[in-house]
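Quick check, what structure comes out for this input:
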Amino acid sequence: MTTMRDVAAEAGVSPMTVSNVLAGRPNVSEETRRRVLDVVERTGYRVNTAAQSLRRGRTSIVGLAVPEVDSHYFGLLAARLIARLAPEGLRVVVEQTGASREGELAAITASRVNAYDGLVLSAVGLDPDDVLSMAGDLPVVVLGERQDVTRFDHVEMANTEGAAAATRLLLQQGCRRLVALGMPGLDALGALDDAARTHGPGHHGDAFRLRALGVREAVGAVPGALALAVQGARSTPATGAQLVGEALRRLPDLDGLVCATDSLAIGALRGLADAGRRVPDDVLVVGFDDVTDAAYTVPSLTSVSPGHDVMVEQTARLLLRRIADRGAPPERFVSPFTVVERESTRRP
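Coordinates of the predicted model:
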């Protein structure tokens, strides 16, 4: 059976170079990479991953558990985290939890059974005691807006501050009849009702509640401004288009939409066009997440960028630190945001 040393000897490199090529590490020239891969293909060499794992005590695999893999935001997150961890010799297995307690428990169980080196978990259905009891000594970094995960490394967005800044942008442009699309209950004066103090439907309950707080804060500071909330069960373009119809029925003279996500905002652009409302002439629209598609809608979509690169970098840093030192004290990181202004909020 061909060994790594055999491949190294035939390619004229060291076994370490062969290892770096097979792990996808960047510190190898393209010519050397091609030469090693040619030898691997010709000899039929296969890495004995089981033996490697036993020898090193690691599998070089980490899990990423997210509510849904077909969302703009989580797709972007997965792609960037995979790219960031590859140079560290780590591969990412993505698990879809459906935002359910059972799905999240299954992701933790799979990570332990398969001896993953760690897990990045977007926790929605689980409480911290669940995570603590199931994860054991598995290195875990929690993503999202849960405020009760102080015992874990935690990376989150500036939800309230970002939504407040987005709302202020619309108010500064003269909007006074706003709708918080996809967020839990704001009354006509901008105050949160009881529904907003609990998790709304869908897997973004905490995030959307915090964003609603930001809308309330900004609207409450401007006399005469009014905001209503129109909430949906999902955060998809189809839902956004549908909710626009309800928003127009409840507030026919609306002049600004603060959308809980870019997916909802993209659908809202379609719904407004179908209703004969022009953006930005009649209605200004802002989203949240700054997904790639936001720059290519017509008009292009203003959005709150939660600092994707910073979030991914901090998630990777905390995960690698936790893998190396499982006794390290937990850290909480709130990513800085920016409001990326595009055509959907620029008055003609």
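
In space, what's closest to residue 287 - neighbours in sequence excluded?
Spatial nearest neighbour of residue 287, chain neighbours left out: residue 265 (3.3 Å); criterion: C-beta to C-beta, 6 or more residues apart in numbering. Any C-beta I mention is one placed from the backbone N, CA and C, and that applies to glycine too.

which is the next helix or strand following the helix or strand of the chain with the lowest mean pLDDT?
Least confident helix or strand, the chain: helix 49-56 with a mean of 53, by mean pLDDT, DSSP states H and E. Counting by DSSP states H and E, the element after helix 49-56 in chain order, helix or strand, is strand 61-66.

who does that following strand pair up with?
Each strand pairing with strand 61-66, determined using DSSP bridges, is listed with its direction: strand 91-96 (parallel), strand 118-122 (parallel).

hmm, who's touching that strand?
The contact list for strand 61-66 (C-beta atoms under 8 Å, 6 or more residues apart in numbering) reads 74, 77-78, 81, 85, 90-97, 103-104, 107-108, 110-111, 114, 116-122, 319.

again, 7 Å this time
Applying C-beta atoms under 7 Å, 6 or more residues apart in numbering, the set of residues contacting strand 61-66 from outside is 74, 78, 81, 85, 90-97, 104, 107, 110-111, 116-122, 319.

Could you give the separation of it from the chain centroid?
13 Å (C-alpha atoms, centre = their mean, to the nearest Å).

okay, it in PDB with CA atoms only?
C-alpha atoms of strand 61-66 as PDB (Å, rounded to 0.1, in the frame of the first residue of the first chain):
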ATOM      1  CA  ILE A  61     -13.400  18.600  11.400                       C
ATOM      2  CA  VAL A  62     -15.700  21.100  13.100                       C
ATOM      3  CA  GLY A  63     -19.400  21.400  12.900                       C
ATOM      4  CA  LEU A  64     -21.500  24.400  12.000                       C
ATOM      5  CA  ALA A  65     -25.100  24.100  13.100                       C
ATOM      6  CA  VAL A  66     -27.500  26.700  11.700                       C
END
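
could you point out which element follows it?
helix 72-85.

so how far is that next one off the chain centroid?
In this view, helix 72-85 has its centroid 8 Å away from the chain centroid, taken as C-alpha atoms, centre = their mean.

What is it packed up against?
strand 61-66, strand 91-96, helix 308-324 (3 or more C-beta pairs under 7 Å, 6 or more residues apart in numbering; DSSP states H and E).
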